[in-house]
Structures are given as structure tokens and as C-alpha cells.
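A.B. asks: Output the structure for:
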Amino acid sequence: LLTMGANSLTMIVCSRELGKSHITSLDAICDALLYSNCKVVVTSATIDQANKIIEKKIKGVFCNPASAFYSPVLGQMVQDGYISFSSNKNTTGLIVNFGNGSKIEAFPCLPSARGERANVLIADEFVLLKKKDYDEIMHPMLENRDFAGRPDDYPDDWKEIFLSSAKKKTNWGWKKLKDCVTDHFKNKDSGFFIADV
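C.D. replies: Here you go, the predicted structure:
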């Protein structure tokens with residue numbers, strides 16, 4: 001979590017059931033709670049896949065009293081109305097609303113997502129996305145967080161998180177992975193982190 005919070009680009013590539021979505025969901029919650037007006041967008045090839053991080057992890061694990069990973073603090077926030085769940089009527093994407101103005105929202109990687117803004121962009125199963133769509137629709141939505149009194153010299157605070165299981169070298173994700181690894185090891189100030197299990 002500390003490393004994900006400190007880097008502008010994180011890639012987690014590993015087999016199923018090793019906790020990619022789990023740790024990323026925690027990071028999204030941390031960003032939303034720690035930074036007011038933080039907009040976290042979860043995207044995937046389909047809205048059902050994008051919704052899984054919110055439905056199965058945030059709501060189904062961390063805010064669910066029946067879960068082994070239930071957080072009593074998050075549960076109390078839900079009871080108090082500080083955290084609420086809703087959905088976008090147009091996209092059927094799930095939304096987590098926070099009392100400090102932050103939100104976590106799911107969008108498919110489709111032209112309908114154009115015009116949205118994000119401070120944190122999570123691409124789940126990114127190797128299934130078309131590179132052209134990601135580059136033209138999702139990546140341009142990244143912007144710095146807007147808050148009152150933001151100093152001109154405040155550092156950029158947007159970040160991207162890519163999650164996937166391994167795919168073939170012919171997939172665009174392989175080059176993205178290689179570039180991330182190279183920058184991580186060659187340029188200490190790159191702000192890139194890779195977790196490959």
C-alpha cells in the first residue's frame with residue numbers, strides 16, 4: 001500500500017486469487033478517505049468486470065460484517081452515512097460516495113466514458129483492453145485533484161494502477177510491463193512500481 005501510494009504508475013501482474021483486486025481496493029479506499037474530492041475510476045473491458053472491485057471487494061469484503069476482512073471502521077462509516085453505495089443509471093457502473101466529496105466509480109473502457117475525470121485510474125484486466133481505447137478514452141481523464149487553496153507548486157497527484165493476469169508477449173500489455181520494469185530499475189525518480197508474482 002505504501003509503494004502504491006508513493007508511485008504514479010503501478011503494475012500488478014500475477015495469477016488469479018493472489019490478491020490483486022484486494023490490495024487495489026484497499027488502496028482506492030485509502031485514497032478516497034485520505035484526500036478530499038478524490039475521484040477514483042475503475043475501468044475494464046466490460047462494466048461487469050469494472051464493477052467487481054466495488055461490489056465484491058469494497059462492499060462485499062471490507063464493508064460486509066460477514067466477511068473475514070470486515071473493517072469495523074468502514075462498517076461504522078456506512079452506518080453513519082459517510083460511505084454510501086449507488087449506481088450510474090446510464091452506465092450501470094457502481095459508485096462509492098464518501099462524505100469528504102471523494103468517490104470511486106466504475107466505467108467501461110468505451111466511448112461513453114469520454115469527458116469523465118479521475119485522479120486515480122485503475123485498469124482491471126488491462127490486457128483485455130484495446131490499447132487505442134485506453135490511450136484515447138481513459139488515460140486523458142487523469143488530472144490533478146482539485147481542492148481549495150491548492151498551491152501552484154503542489155506536486156502532481158494523479159496515478160494509474162494496472163492489474164492483470166499474464167498474457168502473451170504479443171499483447172500491448174507486455175511492452176507496457178517491460179517499460180515499467182525498465183523505468184523502475186533505471187530511473188529512481190520514475191515513480192513506477194511493478195509487482196510481478
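
A.B. asks: switch to C-alpha atoms for all contacts and neighbour counts from now on
C.D. replies: OK.

A.B. asks: just the strands in this structure please.
C.D. replies: Listed in chain order, the strands of the chain (DSSP state E) span 9-13, 39-44, 83-87, 94-98, 103-108, 120-124, 159-164, 192-196.

A.B. asks: would you list those in JSON lines and tack on mean pLDDT?
C.D. replies: Output for the strands of the chain, formatted as JSON lines (pLDDT from 0 to 100):
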{"stretch": "strand 9-13", "mean pLDDT": "84"}
{"stretch": "strand 39-44", "mean pLDDT": "95"}
{"stretch": "strand 83-87", "mean pLDDT": "96"}
{"stretch": "strand 94-98", "mean pLDDT": "98"}
{"stretch": "strand 103-108", "mean pLDDT": "96"}
{"stretch": "strand 120-124", "mean pLDDT": "94"}
{"stretch": "strand 159-164", "mean pLDDT": "89"}
{"stretch": "strand 192-196", "mean pLDDT": "53"}
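
A.B. asks: I'd like those strands laid out as a markdown table, including distance to residue 77 and mean neighbour count.
C.D. replies: Formatted as a markdown table, these follow (distance: least, CA to CA, whole Å; neighbours: other CA atoms under 10 Å):
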| stretch | distance to residue 77 | mean neighbour count |
| --- | --- | --- |
| strand 9-13 | 28 | 24 |
| strand 39-44 | 18 | 28 |
| strand 83-87 | 6 | 16 |
| strand 94-98 | 9 | 22 |
| strand 103-108 | 14 | 26 |
| strand 120-124 | 22 | 27 |
| strand 159-164 | 26 | 22 |
| strand 192-196 | 31 | 19 |
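
A.B. asks: So for residue 63, which of those strands sits nearest?
C.D. replies: Nearest to residue 63 among these is strand 83-87; the distance by CA to CA comes to 9.6 Å.
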